[in-house]
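*Asks:* here is my input; please provide its structure:
(one chain, ligands or ions: 3)
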Amino acid sequence: MSGATLEAYLASRVATGDDIAREVAAVVQRLATAALDVRKLVNQGALGTAFNGTRGGSNSDGDLQKDLDVVCDGLFLSCLQGAPVACYASEELDNPVLLDPNARLAVAIDPLDGSSNIDTNVSVGTIFSVLPAVKGPGSDLMQSFLQAGNRQLAAGFFLYGPQTALVLSLGKGTEIFIFSSRLGCFVQGYKSVNIAERTSEFAINMSNYRHWEEAVRLYVDDCLAGAEGPRERDFNMRWIASLVADTYRILVRGGIFLYPADGRKGYSQGRLRQVYEANPIAFIVENAGGAATTSVTRILDLVPEDLHQRVPLIFGSRREVERIARYHVDPNMIGERAPLFGKRGLFRA
Ligand SMILES: O=P(O)(O)OC[C@H]1O[C@](O)(COP(=O)(O)O)[C@@H](O)[C@@H]1O
Ligand SMILES: [Mg+2]
Ligand SMILES: [Mg+2]
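*Replies:* Ligands and ions are numbered 1, 2, ... in the order given. Sure thing, here's the model as predicted:
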């Protein structure tokens, strides 16, 4: 269904779905409307009022909050007033907010992902996850967000880049919509996304090399060794430091992304947050034929214990994700490099 507007796409999905599908579609529409307001703010750059400031505050994760982080959070929260959403959780808020106690959905958001990049005019985005709200005696708002990612009903992200895009999965495939300023709405830009199984491109923040565990270092060493190494081909590297932009690239041309745990203080579980970053990205990636793990465990099977919990995140081309798992569990992939070089060749992807 390439070329369909977001509205037509959602209507076609609602026609074959149930009531909850209709409610999810309504939420996506509202988020899309708020995203266009965010797009305007991002486009204004330093000429706008919400752009350059930092409130001097930090969110519950200790990250410095930019004014734009907080403004975007407010826009998404207010667009969900009156929507079929029971509760809202955000990177920028310590605790979830109650919206409609009778509603059946919960929405978790990273209102502005990659916000450390906004001053440098690099693409940033908004990541969202839609879950069934947990109801019942004794349940509190937090429980709706402490569900495994495999319970998600929908996930997506908006990318405010050279094109404003919406990447969306309702659980059967992943679609990319691009904002058409001519039509004033999102229009499907590609046929359903399918991440190439194999890749020769990796994305990782190389400056953390000395902090990684050995398995990650060896994997990257083997990529860097290129045609002369055990992979017998050259690898390219990209790191935008904006999860949404790195994910978009991988969806469009394949690749592998790693934000592993490392030895720095506060990074024993990596950097990215499970509920509103890793889970929605993993849902999108799996629905596009890729894989997402902590290195060995599937992200979508993990039950978060805390709203702002971090998790190591590795995702992208399926064969490459599987290969990285082997560096963590297969002794033949680790150990003395020289004698095992030939042996590791047995595992060439
Ligand atoms: O600066 P680092 O350590 O490379 O981390 C970059 C990562 O941090 C993030 O910016 C974290 O997201 P926020 O900007 O929402 O805090 C990701 O988008 C990106 O992948
Ligand atoms: Mg983020
Ligand atoms: Mg953010």
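*Asks:* going forward, measure contacts between C-alpha atoms and count neighbours the same way
*Replies:* Will do.
*Asks:* go ahead and confirm residue 69 touches residue 111.
*Replies:* Yes. In this structure, residue 69 sits in contact with residue 111. The criterion is C-alpha atoms under 8 Å, and the distance is 6.4 Å.
*Asks:* spatially central residue for the protein, please.
*Replies:* residue 281 (3.1 Å; C-alpha atoms, centre = their mean).
*Asks:* residue 154 is in contact with that one, correct?
*Replies:* No. The pair residue 281 and residue 154 fails to qualify as a contact (C-alpha under 8 Å) at a distance of 10.8 Å.
*Asks:* for ligand 3, what are the nearby residues on the stretch 1-150 of the chain?
*Replies:* Contact residues (C-alpha under 5 Å from the ion) of the stretch 1-150 of the chain with ligand 3: 110, 112-113.
*Asks:* again, 8 Å this time
*Replies:* Contact residues, the stretch 1-150 of the chain versus ligand 3 (C-alpha under 8 Å from the ion): 69, 91-92, 110-115, 126.
*Asks:* how about low-confidence regions in the stretch 51-200 of the chain?
*Replies:* Applying pLDDT under 70 to the stretch 51-200 of the chain flags residues 51-57, 60-62, 64.
*Asks:* residue ranges for the strands of it, please.
*Replies:* Ranges of strands in the stretch 51-200 of the chain, per DSSP state E, counting those that start in this stretch, are 54-58, 64-66, 85-90, 97-98, 105-113, 124-132, 154-160, 164-169, 175-180, 185-188.
*Asks:* mean neighbour count for those strands - can I get that in JSON lines?
*Replies:* Putting the strands of the stretch 51-200 of the chain into JSON lines (neighbours: other C-alpha atoms under 10 Å) gives the following:
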{"stretch": "strand 54-58", "mean neighbour count": "12"}
{"stretch": "strand 64-66", "mean neighbour count": "19"}
{"stretch": "strand 85-90", "mean neighbour count": "26"}
{"stretch": "strand 97-98", "mean neighbour count": "15"}
{"stretch": "strand 105-113", "mean neighbour count": "26"}
{"stretch": "strand 124-132", "mean neighbour count": "25"}
{"stretch": "strand 154-160", "mean neighbour count": "27"}
{"stretch": "strand 164-169", "mean neighbour count": "24"}
{"stretch": "strand 175-180", "mean neighbour count": "22"}
{"stretch": "strand 185-188", "mean neighbour count": "21"}
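*Asks:* out of the ones you listed, flag the one nearest ligand 1.
*Replies:* Set against ligand 1 and scored by C-alpha to the nearest ligand atom, the strands of the stretch 51-200 of the chain come closest in strand 105-113, at 3.4 Å.
*Asks:* how about the closest residue to residue 282 other than its chain neighbours, phi and psi?
*Replies:* What sits nearest to residue 282 in space, not counting adjacent residues and going by C-alpha to C-alpha, 6 or more residues apart in numbering, is residue 292, at 5.3 Å. The phi and psi values for residue 292, taken as degrees, to the nearest 10, are phi -150, psi 120.
*Asks:* residues contacting the nearest residue in space to residue 167 that is not next to it in sequence?
*Replies:* When the adjacent residues along the chain are set aside, residue 167 lies closest to residue 176, with 4.5 Å between them (C-alpha to C-alpha, 6+ apart). When the contact criterion is C-alpha atoms under 8 Å, 6 or more residues apart in numbering, the partners of residue 176 are 165-168, 188-193.
*Asks:* from the contact counts, what lies against the helix or strand harbouring the residue nearest to the centre of the chain?
*Replies:* Here residue 281, judged by DSSP states H and E, is contained in helix 279-286. Contact here means 3 or more C-alpha pairs under 8 Å, 6 or more residues apart in numbering; DSSP states H and E; on that basis helix 279-286 packs against strand 124-132, strand 154-160, strand 164-169, strand 291-293, strand 313-316.
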